[in-house]
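**Student:** Predicted coordinates and the sequence they were generated for:
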Amino acid sequence: MADVFDVCVIGAGPGGYVAAIRSSQLGLKTAVIERESLGGVCLNVGCIPSKAMISASHFYTRMLHDAPTMGLKVKGEVSVDMKQLQTWKQSVVERMTGGVSQLLKGNGVTVISGEANFKTAKELTVNSKSGTQTVQAKNFIIATGSRPIEIPGFKIDETDILSSTGALALSELPKRLVVIGGGYIGLEIGTFLAKLGTEVEILEAGGALLGGVADSDCVQVVERKLKKMGVKIHLNAKAQSFKKTGKALEVTAQVGSESATIKADKILLTVGRRPNSDQLNLKGIGLGLDERGFIKVNAQRKTNLPNIFAIGDIAGQPMLAHKASHEGVLVAEVIAGQNRAYDAKTVPAVIFVDPEIASAGWLENECRAKGHQELKIGRFPFAANGRAVSVMETDGFVKIIADAKTHIVLGVHIVGPEASNLISEAALAIEMGARLEDMALTIHPHPTLGETMMEAAEAALGHAIHVIQRPLSKAGGNTLRANA
Ligand code: NAI
């Protein structure tokens with residue numbers, strides 16, 4: 001006799017494990033099925049290990065370049081031990097995945113290892129090394145995520161052609177790396193490898209790095225820093241093929257109207273991710289997909305089959321862990337009978353490059369496209385913030401965009417130190433329908449990086465204290481000069 005659960009979650013990433021915990025908290029008999037490791041891509045081979053590598057590389061460059069200025073002397077050479085770095089990174093991953101395991105157990109969730117496949121909309125089989133078992137549930141939550149896209153001529157083998165998984169597991173630094181795709185993953189990994197000493201060249205098919213996903217003024221700051229680090233950036237550059245001679249690789253690319261060849265030891269392929277919707281026999285049970293392979297869901301994340309829900313990457317953009325977790329809680333509460341629907345005004349996004357880029361709300365062109373023709377835009381540079389100066393991280397700014405008439409905050413774009421930790425204030429402001437005055441009149445502690453949020457709001461209102469503002473124009477575009 002098969003077990004019958006109230007909720008069966010498929011996939012234990014940040015969408016699935018959160019959905020399982022919340023379901024169990026609500027008194028629902030819950031199982032979660034995972035074919036690889038608890039925590040999914042994010043905890044095992046994505047967000048968490050990449051942040052470990054990024055923070056190590058940042059620490060390393062600060063030891064090399066900033067420590068001597070601060071009067072801190074290191075006896076002997078500062079160098080990178082990739083094997084030890086991997087050991088430490090793995091310890092970070094294990095601590096996080098171990099935590100998920102304990103949370104699931106502590107909440108009474110049944111964890112099933114193996115690969116799930118739907119037989120019907122009420123029953124699935126789970127195949128594992130120890131055999132096949134059948135699981136029945138009243139409700140299913142599909143949270144099986146996404147995987148890297150490949151392009152013709154570049155098959156990921158994790159030896160020559162790496163995905164993010166292979167790049168995060170390197171136990172030796174490649175001398176030369178070609179990154180194909182100047183988006184989130186390519187830039188995050190390209191940056192930390194460049195900082196550790198790899199010569200990095202980026203091929204981006206579009207006309208800009210992070211095209212369309214980040215504020216272009218923010219991207220410029222990052223692009224300048226990448227170039228300063230020695231990273232070569234090729235825009236309008238499409239990778240076409242590669243050949244291998246001995247251990248050396250040579251990538252051929254179309255750069256504008258010209259053909260170029262670039263030598264490399266490894267190639268990192270990061271041209272986007274696609275939903276894992278071709279698995280699980282979803283078509284067999286008649287689950288509706290859109291033309292890009294995402295499962296079609298409504299505001300309660302319900303699919304066309306009334307007892308099946310989908311969350312996270314497989315349920316559509318943005319493919320971000322925190323969106324998945326938010327949906328996980330939402331669906332558990334919907335199944336428990338609560339009156340919930342997805343109505344977030346913003347999914348904040350962070351790109352962990354140097355300096356970090358973080359945003360909440362709309363870009364300038366999106367504000368106008370949505371009918372806000374007159375905008376007030378305030379910018380405040382980190383160079384004019386005491387805390388940023390004292391930590392020697394002064395590149396970047398906070399930019400706040402608000403409707404010129406109502407002063408309601410529509411978008412916040414940050415490039416600078418700890419942008420990732422600053423953006424939550426902006427997300428809250430947007431969710432609450434805050435006005436510039438709400439941000440400007442909230443007392444922010446001194447000396448903190450957070451004061452830049454208050455001062456950017458003041459700048460939009462025309463009266464930031466620590467920059468000279470003139471002339472003031474009604475429709476935004478305030479001219480600012482740093483006074484640092
Ligand atoms: P992406 O969509 O961010 O960037 C892919 C880039 O590759 C685009 O700029 C595209 O123009 C370029 N491209 C496509 N075909 C190409 C070709 N043939 N030659 C050269 N360039 C080409 O995709 P990425 O970086 O793989 O990341 C996937 C997703 O993972 C992101 O969309 C994001 O949602 C998520 N992610 C989020 C992170 C975060 O929150 N910090 C970190 C890493 C990933």
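**Tutor:** That came in fine, so what should we check first?
**Student:** is it true that G181 touches R273?
**Tutor:** No: assessed by C-beta atoms under 8 Å, G181 is found out of contact with R273, at 10.6 Å. Where C-beta positions appear, they are placed from N, C-alpha and C, glycine not excepted.
**Student:** Looking at those two, which one has more neighbours?
**Tutor:** G181 (24 against 19; other C-beta atoms under 10 Å).
**Student:** Give me the phi and psi angles of that one.
**Tutor:** Dihedral pair for G181: phi 110, psi 110, per degrees, to the nearest 10.
**Student:** contacting residues around it?
**Tutor:** 203-205, 269-272 (C-beta atoms under 8 Å, 6 or more residues apart in numbering).
**Student:** can you list the domains in this protein?
**Tutor:** Residue ranges for the domains of the chain, per automatic domain parsing: 3-47+84-147+274-335, 161-271, 355-482.
**Student:** ranges for the strands of the stretch 301-450 of the chain?
**Tutor:** 308-310, 349-351, 357-361, 375-381, 397-403, 409-415 (DSSP state E, counting those that start in this stretch).
**Student:** of these, which approaches the ligand most closely?
**Tutor:** Taking C-beta to the nearest ligand atom, strand 349-351 is the member of these nearest to the ligand, at 5.2 Å.
**Student:** Which secondary structure elements does the closest one sit against?
**Tutor:** In terms of contacts (3 or more C-beta pairs under 8 Å, 6 or more residues apart in numbering; DSSP states H and E), strand 349-351 is packed against helix 184-196, strand 357-361, helix 419-431.
**Student:** which residues does K105 contact?
**Tutor:** For K105, the contacting residues are V111, by C-beta under 8 Å, 6+ apart.
**Student:** The strands of the stretch 301-450 of the chain into TSV, with extra columns for mean neighbour count and mean pLDDT?
**Tutor:** Formatted as TSV, these follow (neighbours: other C-beta atoms under 10 Å; pLDDT from 0 to 100):
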stretch	mean neighbour count	mean pLDDT
strand 308-310	27	99
strand 349-351	21	98
strand 357-361	26	98
strand 375-381	25	98
strand 397-403	27	98
strand 409-415	27	98
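**Student:** Need those strands in TSV (columns: distance to the ligand).
**Tutor:** Listed next are the strands of the stretch 301-450 of the chain as TSV, based on distance: least, C-beta to the nearest ligand atom, whole Å:
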stretch	distance to the ligand
strand 308-310	17
strand 349-351	5
strand 357-361	9
strand 375-381	23
strand 397-403	19
strand 409-415	14
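**Student:** what's the nearest residue to the closest residue to the ligand within the stretch 301-450 of the chain if we skip its chain neighbours?
**Tutor:** Proximity of the stretch 301-450 of the chain to the ligand (C-beta to the nearest ligand atom) peaks at M319, 3.6 Å away. Spatial nearest neighbour of M319, excluding adjacent residues (C-beta to C-beta, 6 or more residues apart in numbering): D313 at 4.3 Å.
**Student:** contacting residues for A429?
**Tutor:** Going by C-beta under 8 Å, 6+ apart, the list of residues near A429 reads 360, 409, 412, 438-439.
**Student:** Spatially, which two of the residues you listed are the most separated?
**Tutor:** Greatest spatial distance among those (C-beta to C-beta): A360 and D438, at 14.5 Å.
**Student:** rewinding a little: worst average pLDDT in the domains of the chain?
**Tutor:** Among the domains of the chain, domain 355-482 carries the lowest mean pLDDT, at a mean of 93.
**Student:** Please compute how far that domain lies from its chain's middle.
**Tutor:** A distance of 22 Å separates the centroid of the chain from that of domain 355-482, by C-alpha atoms, centre = their mean, to the nearest Å.
**Student:** still on that earlier bit, surely the residue nearest to M319 is in contact with P275?
**Tutor:** Yes: contact between D313 and P275 holds when scored by C-beta under 8 Å: they sit 6.0 Å apart.
**Student:** more crowded one of the two?
**Tutor:** The neighbour count for D313 versus P275, taken as other C-beta under 10 Å, is higher for D313 (31 against 24).
**Student:** one step back: what about the contacts of G181, which are in strands?
**Tutor:** 203, 269 (DSSP state E).
**Student:** For ChimeraX, what selects the buried ones among the contacts of G181?
**Tutor:** ChimeraX command restricting the contacts of G181 to the buried ones, with burial defined by 16 or more other C-beta atoms under 10 Å:
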select :203,204,205,269,270,271
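**Student:** which among the contacts of G181 are in contact with the ligand?
**Tutor:** 203-205, 270-272 (C-beta under 6 Å from any ligand atom).
**Student:** Output the residues you listed as CSV; include the columns distance to N339.
**Tutor:** Converted to CSV, the ones next to the ligand among the contacts of G181 look like this (distance: C-beta to C-beta, whole Å):
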residue, distance to N339
L203, 49
E204, 44
A205, 44
T270, 40
V271, 41
G272, 36
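**Student:** In terms of distance to K89, which of those residues ranks first?
**Tutor:** T270 (18.8 Å).
**Student:** give me the residue from this protein nearest the ligand.
**Tutor:** G183 (1.8 Å).
**Student:** How about the contacts made by that residue?
**Tutor:** When contacts are taken as C-beta under 8 Å, 6+ apart, G183 is in contact with 204, 209-210, 213, 270-272.
**Student:** Export those to JSON lines and append columns for distance to A253.
**Tutor:** Formatted as JSON lines, the contacts of G183 follow (distance: C-beta to C-beta, whole Å):
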{"residue": "E204", "distance to A253": "10"}
{"residue": "L209", "distance to A253": "16"}
{"residue": "L210", "distance to A253": "19"}
{"residue": "V213", "distance to A253": "22"}
{"residue": "T270", "distance to A253": "15"}
{"residue": "V271", "distance to A253": "13"}
{"residue": "G272", "distance to A253": "17"}
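**Student:** which parts of this structure sit against the ligand?
**Tutor:** 151, 180-186, 188, 203-206, 211, 238-239, 270-273, 318-320, 350-352.
**Student:** how does it look with 5 Å?
**Tutor:** Listed as neighbours of the ligand in the chain under the rule C-beta under 5 Å from any ligand atom: 151, 180-181, 183-185, 203, 205-206, 238-239, 270-273, 319.
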